[in-house]
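Trainee: could you work out the structure for the sequence below:
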Amino acid sequence: MSNLRPFHYAFPIKDLNDTVEFYTKVLGCTVGRSTDKWVDFNFFGHQITAHVTNKQSEFVAHNDVEGHSVPIAHSGVILDWSDWEILANNIKGHNISFIIEPYVRFKNEPGEQATMFFKDPSGNALEFKAFKNDNAIFES
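Mentor: Residues are numbered from 1 along each chain as shown. Alright, predicted model coming up:
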């Protein structure tokens, strides 16, 4: 694929106001269309839609990755290294609890990457990462 297109992702939330506050003030997203039941965000150039529901997901699973318990269901964005560092500092400044604190995997190796995991106010797991070399994103 030569022209990368924005993705769309819809996810459940508990409270619209808490969600808007988190995604705009903490992550820096902007709001698009919205109603009293859902809201669209510009999520780093992609469209995500938060839908209010009182139903809770019953599927919660984790995998062990390098000694960390990684939530299997998660989403996020691969950022530039400097943007990842800025976001990590911003998250720390908002006293958000990390599932996995910001750290660098595969340091000084092919595929070196920074990663961090945390949850939004509804408990949706988010991962943000950055690669030292973007050419390594899809390398095996």
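
Trainee: for Ile100, what is the enclosing helix or strand?
Mentor: strand 98-105 (DSSP states H and E).

Trainee: again, but for Ala50
Mentor: strand 46-52.

Trainee: mind listing residues that contact that strand?
Mentor: Applying Cβ atoms under 8 Å, 6 or more residues apart in numbering, the contact partners of strand 46-52 are 6-16, 19, 23, 29, 32, 36-41, 75, 77, 122. Yep, even glycine has a C-beta here, placed from its N, CA and C like the rest.

Trainee: pull the distance from the strand holding Ile100 to the chain's centre.
Mentor: Taking Cα atoms, centre = their mean, to the nearest Å, one finds strand 98-105 lying 13 Å from the centre of the chain it belongs to.

Trainee: whichever helix or strand comes after it pairs with which strands?
Mentor: Counting by DSSP H and E, the next helix or strand C-terminal to strand 98-105 is strand 113-119. If you go by DSSP bridges, strand 113-119 pairs up with strand 98-105 (antiparallel), strand 125-131 (antiparallel).
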